[in-house]
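Kindly generate the corresponding structure for this input.
(4 chains)
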2 protein chains.
Amino acid sequence: MSLSKELARGTVMPIVLSLLAERSMYGYEIVKTVNQRSGGVLDFKEGTLYPLLHKMQGQRLIKAKWEDGPTGKPRKYYALTPKGNRLLDESREQWSTLSTAVHTLLMGA
Amino acid sequence: MSLSKELARGTVMPIVLSLLAERSMYGYEIVKTVNQRSGGVLDFKEGTLYPLLHKMQGQRLIKAKWEDGPTGKPRKYYALTPKGNRLLDESREQWSTLSTAVHTLLMGA
DNA sequence: TGCATTACCTCGACATTCGATGTATATTAC
DNA sequence: GTAATATACATCGAATGTCGAGGTAATGCA
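Residues are numbered from 1 along each chain as shown, chains lettered A, B, ... in the order given. Okay, the predicted model is just below:
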């Protein structure tokens, strides 16, 4: 795996939480949104996201609901649970703490 | 693994490169230095670091030299190679890019 | 003597991620 | 009409990274 990919490990779940806090989304939409909003820096793969969504659902961080999309074809929309919302807060805090620490060590004390 | 640990994945190698750019260090010293400088946010484990150092040595990113420490007991000092130095530059750039992207997605566009 | 610390190291278990692959429908282009 | 592309769900195996536990041995100190 490239260094860049390696660094991005662990940011996937927090980002998913953050997007779902904005509004409900379906899997494919999450992939496209992240890749587009990050300007190509992040590149979520379906093979990464779908298992993660299922895992997060099992942990009651998100809940799923089938709803008809604009074409009439059903899509699986995910939304945050209260528990997911709490974890989001925690994640943001931890990201701040970590990125400060890494910055210090990497960019010079 | 805790969320925080999960986030820190992938930062280990860049940080090692960064420390060794400052001066040569031995493994145990790297562990202690990182944990202390990060104020406990990062917590390098020997089981992580030693295999990594060996891997990096195999990739010619660092080179090792046995030298006598103050007690006369030999220590294995690691130093950056030119190749390691180039990767450090790259790593710093990639960290900046990534952390900006993650910040945007996590903390709100 | 006994304990903590320094300093090297390996190993197995576990989790994460990717690339590949599969299915099916909808849209667009020729 | 049909070929190609995009949408949208999903699983699986291989590769990799990390940790906790364990091992060895020397030093410093009370």
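
going forward, measure contacts and count neighbours with C-alpha atoms only.
Fine.

can you pull the pLDDT of A:S4?
Looking at A:S4, its pLDDT is 73.

can you list contacts of the one helix or strand it maps to?
Secondary-structure assignment from DSSP states H and E places A:S4 in helix A:3-8. Outside helix A:3-8, the residues that touch it by C-alpha atoms under 8 Å, 6 or more residues apart in numbering or on different chains are A:L42, B:L7, B:A8, B:R9, B:G10, B:T11, B:S91, B:Q94, B:W95, B:L98.

Just those: which are in helices?
B:L7, B:A8, B:S91, B:Q94, B:W95, B:L98 (DSSP state H).

re earlier: dump the contacts of helix A:3-8 to TSV, plus neighbour count.
Formatted as TSV, those follow (neighbours: other C-alpha atoms under 10 Å in any protein chain shown):
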residue	neighbour count
A:L42	21
B:L7	23
B:A8	23
B:R9	15
B:G10	18
B:T11	21
B:S91	22
B:Q94	18
B:W95	23
B:L98	19
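
and these as JSON lines, adding distance to DNA strand C?
Below are these laid out as JSON lines (distance: C-alpha to the nearest atom of the strand, whole Å):
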{"residue": "A:L42", "distance to DNA strand C": "8"}
{"residue": "B:L7", "distance to DNA strand C": "8"}
{"residue": "B:A8", "distance to DNA strand C": "10"}
{"residue": "B:R9", "distance to DNA strand C": "9"}
{"residue": "B:G10", "distance to DNA strand C": "10"}
{"residue": "B:T11", "distance to DNA strand C": "13"}
{"residue": "B:S91", "distance to DNA strand C": "17"}
{"residue": "B:Q94", "distance to DNA strand C": "15"}
{"residue": "B:W95", "distance to DNA strand C": "15"}
{"residue": "B:L98", "distance to DNA strand C": "13"}
